[in-house]
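>>> Next come a sequence and a model predicted from it.
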Amino acid sequence: MSYQSTQILLPVRPAHHSLLSNFIQQRNIALPPLEKFDVVIKVKYVSLDPSLKPFLCETNHAHYCPPPFMCFSKECTHGEVVCLEAHKIPTKDGTIDDKSGSEKEISHVNLNVLSCHGVGEVVESKNRYYTIGANVFGNFGLQSYFFASGGKDLDGNFLRDITLDTPLSAFLTLSKAGLCAYFAVTELADLKREETVFITGGSGSVGSFVSQICKARESSVKVYGFASTDEKCRLMKEKLQYDGVINYCNYCKDSSSEVVDSEVYTPISPPPDIFSSEFSPVTPLTPPRMNFSFKKDPHQRHLNKVEVHKAIKEMCPNGIDVVIDTVGGPMLDICLGHINMNARIVLCGAISYLAKTGYTFKPPKNYTNLILKCARMEGFVLEKFSGKFKKANQQLVKWIQEGKLENMEDNLLEVHLDDKEEVVRAFEQLFIGNWVGKLVLRVLHNPVCNIAQ
C-alpha cells in the first residue's frame with residue numbers, strides 16, 4: 001500500500017507570528033515503497049511546545065536547539081533547500097551504530113519538515129522492531145505520515161510501543177516540555193522533604209508538569225505558582241496538584257493609575273502594523289530580523305510588586321526553597337526576594353522576554369539574595385541531558401500509568417494539515433496562552449487523500 005503525506009514546512013521564519021500564514025508551506029509527497037528496515041507511522045497527535053516559538057518567528061534565537069528536520073542551505077533561492085544533512089547508515093538490525101564512520105544522506109522525505117514530537121501508529125513495517133498496529137512516540141515532525149528509511153530518521157527519544165489503557169495524547173508528556181520539567185526537578189532542584197517550591201509560569205506547558213513531577217517525586221513538598229486568570233488558578237489546584245496559586249493580574253493596574261514600586265508587565269505583545277514605515281518586510285532572500293519597533297501600548301498594565309510580595313509572604317510564610325522559573329522578568333525577581341538559605345533557582349525559560357518584541361531585558365534587583373542566602377541559580381537547555389532521555393521516558397511512562405500525571409485532554413485541537421488556515425490558527429494559540437498546560441493537536445486523516453492511488 002502506498003501513502004501520501006501532507007507536510008508542514010517553514011523554509012523562512014517571519015519576523016512576527018502574525019505573518020505566519022505568508023510563510024508556512026504545505027507539501028504533499030507520495031511515500032516511496034518500503035525496503036528492508038523501513039517503517040511508516042501514521043501521526044495521530046502532535047505536541048506544540050513553547051520551544052517552537054523561536055523557530056516560528058524569532059531568528060535571534062534560531063541557534064537554540066535547532067530542529068533536526070529543518071535543514072537550511074547556505075545557498076538557497078526563494079526558500080528552496082538545496083542541501084542534505086549527513087546521517088549514519090543503520091546497521092543490519094535496523095538500528096543506528098554511532099561508531100560507524102560511514103555516512104548517508106538523510107531521506108528527502110522528511111527534509112525541512114517542521115520538527116514536532118508526536119504519537120502515532122505503525123501502519124507499514126519491514127523492520128522487526130516495529131510491528132504493525134503498535135502505538136509509538138517520537139519526533140515525527142508536523143506531517144500526516146512519518147517515513148523512517150531504515151530506521152535512521154528515528155531520534156533517541158523514540159518509544160517503540162506505548163499501547164496501554166491510557167489515552168495516547170497523555171504520552172505527549174514525553175515531549176520537550178515534559179522532559180524539561182523532569183530534568184529541572186530531578187537533576188537541578190534537589191528536592192527534599194517538606195520543602196516549598198514556587199513555579200513562575202505555573203499554568204504553562206512546562207510549569208503544568210513541574211508541579212505534578214514534584215509531587216510524584218516527593219509527595220511532602222508544597223507547590224505554589226503564578227497564573228493570569230481565576231480559571232487557570234482553579235484548574236491548577238484541581239488538576240495539577242498545586243497547593244496554592246496567585247493570580248498576578250489581580251495586582252495589575254492600568255498605566256493611568258498611580259502605582260508604587262511597579263513595573264510594566266504585558267505577557268503577550270500586539271502584532272506589528274505591517275503598513276507602518278517602522279516595519280521592514282522580510283523576503284525569502286534576506287534573513288528575517290527583529291528590526292521593527294512598537295509604539296507605546298495605551299493598554300499597558302503595571303504590576304504592583306509590593307502587593308505581590310505580600311501575597312507570596314502570606315502564601316509561603318516559611319519562604320521558598322526551590323524556584324522553577326519559566327518567565328523571568330519581574331516574576332523571577334519577586335521570587336528571589338523570598339528564597340531561603342541554600343535555595344535552588346532553576347531557569348527553564350524566559351517567556352516575559354521572548355513574548356515581547358523590542359522588550360529590554362532587565363536584570364533582577366534581588367540577585368544579591370543569591371549571595372546572602374548561599375543560593376544556587378542554574379539554567380540549562382534540554383540537550384544537556386540527552387544521554388538520560390531514555391531513563392526519563394521510562395520514569396514518565398511509569399507515572400502516566402500510575403495516574404500521577406494529568407493528560408489535560410481539554411487542550412486538544414483538531415487539525416487537517418491540508419487546511420492551511422487551521423494550521424496557522426493552531427500555531428497562533430502558542431502565542432495567545434489562553435490554555436492551561438500542554439497544547440495538543442489531533443491530526444485528522446482523510447483516507448481518500450492519504451492513500452495514493
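Yes, it's here.
>>> contacting residues around Lys36?
Lys126, Asn127, Gly150 (CB atoms under 8 Å, 6 or more residues apart in numbering). The way it works is simple: take the backbone N, C-alpha and C, and place the C-beta from them, glycine included.
>>> Please disregard the earlier target; I meant Leu347.
Asp325, Gly328, Met377, Glu378, Gly379, Phe380.
>>> Isn't Tyr130 up against Val136?
Yes: here Tyr130 reaches Val136: they are 7.0 Å apart, a contact under CB atoms under 8 Å.
>>> where along the stretch 351-453 of the chain do the strands fall?
376-379, 412-415, 439-443 (DSSP state E, counting those that start in this stretch).
>>> okay, now Thr173: neighbour count?
28 (other CB atoms under 10 Å).
>>> can you check Gly204 too?
There are 28 residues near Gly204, going by other CB under 10 Å.
>>> Which pLDDT does the model give it?
We have a pLDDT of 84 for Gly204.
>>> so it is in which element?
In this structure, Gly204 sits in neither a helix nor a strand according to DSSP states H and E.
>>> swap in Lys44?
Per DSSP H and E: strand 39-48 holds Lys44.
>>> packing partners for that strand?
strand 117-125, strand 145-148, helix 420-432, strand 439-443 (3 or more CB pairs under 8 Å, 6 or more residues apart in numbering; DSSP states H and E).
>>> hmm, try it at 10 Å
Packing partners of strand 39-48 (3 or more CB pairs under 10 Å, 6 or more residues apart in numbering; DSSP states H and E): strand 4-9, strand 117-125, strand 135-139, strand 145-148, helix 176-183, strand 412-415, helix 420-432, strand 439-443.
>>> Where is pLDDT lowest across the contacts of Leu347?
Gly328 (88).
>>> Look up how far Lys126 lies from the closest residue to that residue other than its chain neighbours.
Nearest residue to Gly328, sequence neighbours excluded (CB to CB, 6 or more residues apart in numbering): Ala350, at 3.4 Å. Separation of Ala350 from Lys126 (CB to CB, to the nearest Å) stands at 45 Å.
>>> Just the buried ones among the contacts of Lys36, please.
Asn127, Gly150 (16 or more other CB atoms under 10 Å).
>>> Reformat the contacts of Lys36 as TSV; add distance to Lys239 and pLDDT.
Shown next, in TSV, are the contacts of Lys36 (distance: CB to CB, whole Å; pLDDT from 0 to 100):
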residue	distance to Lys239	pLDDT
Lys126	42	91
Asn127	38	87
Gly150	42	72
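>>> Make a markdown table out of the contacts of Lys36 and add distance to Asn366.
Listed next are the contacts of Lys36 as a markdown table, based on distance: CB to CB, whole Å:
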| residue | distance to Asn366 |
| --- | --- |
| Lys126 | 59 |
| Asn127 | 54 |
| Gly150 | 54 |
